[in-house]
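Peer 1: Need the 3D shape of this:
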Amino acid sequence: MKLNRKPEMGLLREEARVFGLHLTPEHLEAFRIYYRELIAWNQRVNLTAITGYRDVQYKHFLDSLSCLLAFPYPSVSDPVLDVIPIYDRAHSPLRCIDVGTGAGFPGVPLKILRPEIRLTLLEATEKKVRFLRHLVDKLNLRDVEIIHGRAEDFGRDSRYRERYDVVLARAVAVLRVLVEYCLPFCRVGGRLIAQKGREVEEEIRSAQKAIGILGGEIKAVKALELPGLREPRNLIVIEKTAPTPLKYPRRAGMPAKHPIQ
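Peer 2: Numbers count the residues shown, from 1 in each chain. Down below sits the predicted model:
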């Protein structure tokens, strides 16, 4: 990949250091390409309402990378991530799925920084899927599978059900609905990382029954203050402690219309 002499994405590089993230010139060039392609495609495909150069760095890229603070397998010091490395080198690379990824958030930024993860991107909107295929090719990313479909359908598919170490979700649904979309993908011993805003207490309270039924248990709620964002962010970490009953997820549309009470 040919690099600019002065790689852009300077805000991202500087602010990522708050989390102990060290972005190389190669990382910055990948994010620059990501931004360029996102804005170009957004002129004809509705990918995001956030398009400003500064805002994309903060609200999309940095926000996505904050998920690394909740990844499993803490280990020794790491050249990219000092705070909590993504996996112990005694383990195989993590299998991750980003449910309702949209324009690739948070999955693609995480893949840029940690290319060893095996990533699946699940998106129901065909136009966004076309963008994702273009982007993954443009960034020359390997071990990325892109699925066009709904979580309710693929969560029942044996090729994907309970196959993932980490399930990611950002701005998809309220938590009691989200867990029915996501926990069926998570293997026992794995975890769901749900990105949420300021008010999480009520979402967690109303989702407790659904989390238990689906085989999960709240492990942590990590409060974050991201540079450039007025609203605090939270990472809700749910550990998968038991298999999800075969009746879940229910057919498409049912989790949102009739959440588990």
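Peer 1: contacts and neighbour counts: CA atoms only from here.
Peer 2: Will do.
Peer 1: Helix or strand next in line after the host helix or strand of D55, which one?
Peer 2: Using DSSP states H and E, D55 sits within helix 53-55. Elements were assigned by DSSP H and E; along the chain past helix 53-55, the next helix or strand is helix 63-65.
Peer 1: what mean pLDDT would you report for that following helix?
Peer 2: Across helix 63-65, pLDDT averages out at 94.
Peer 1: Report the rounded mean pLDDT for the helix or strand just after that helix.
Peer 2: Under the assignment DSSP H and E, the closest C-terminal helix or strand after helix 63-65 is strand 95-99. Taken as a whole, strand 95-99 has a mean pLDDT of 97.
Peer 1: Mind listing residues that contact strand 95-99?
Peer 2: 105-107, 117-123, 151, 163-169, 181-182, 185 (C-alpha atoms under 8 Å, 6 or more residues apart in numbering).
Peer 1: Run the chain-centre distance for the helix holding D55.
Peer 2: 20 Å (C-alpha atoms, centre = their mean, to the nearest Å).
Peer 1: ok, now stretch 123-140?
Peer 2: Worked out by C-alpha atoms, centre = their mean, stretch 123-140 lies 15 Å from the chain centre.
Peer 1: what comes up buried for it?
Peer 2: E123, A124, K127, K128, V129, F131, L132, L135, V136, L139 (16 or more other C-alpha atoms under 10 Å).
Peer 1: Can I get it as PDB, trimmed to CA atoms?
Peer 2: What follows is stretch 123-140 as a C-alpha-only set of coordinates in PDB (Å, rounded to 0.1, in the frame of the first residue of the first chain):
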ATOM      1  CA  GLU A 123     -26.000  -6.400   7.300                       C
ATOM      2  CA  ALA A 124     -29.600  -6.500   6.100                       C
ATOM      3  CA  THR A 125     -29.400  -3.600   3.600                       C
ATOM      4  CA  GLU A 126     -28.200  -4.600   0.200                       C
ATOM      5  CA  LYS A 127     -26.700  -1.200  -0.800                       C
ATOM      6  CA  LYS A 128     -24.600  -1.200   2.400                       C
ATOM      7  CA  VAL A 129     -23.500  -4.800   1.700                       C
ATOM      8  CA  ARG A 130     -22.200  -3.600  -1.800                       C
ATOM      9  CA  PHE A 131     -20.300  -0.800  -0.100                       C
ATOM     10  CA  LEU A 132     -18.800  -3.200   2.400                       C
ATOM     11  CA  ARG A 133     -17.600  -5.600  -0.300                       C
ATOM     12  CA  HIS A 134     -16.000  -2.600  -2.200                       C
ATOM     13  CA  LEU A 135     -14.400  -1.300   1.000                       C
ATOM     14  CA  VAL A 136     -12.900  -4.700   2.100                       C
ATOM     15  CA  ASP A 137     -11.500  -5.100  -1.400                       C
ATOM     16  CA  LYS A 138     -10.100  -1.600  -1.400                       C
ATOM     17  CA  LEU A 139      -8.400  -2.000   2.000                       C
ATOM     18  CA  ASN A 140      -7.100  -5.500   1.000                       C
END
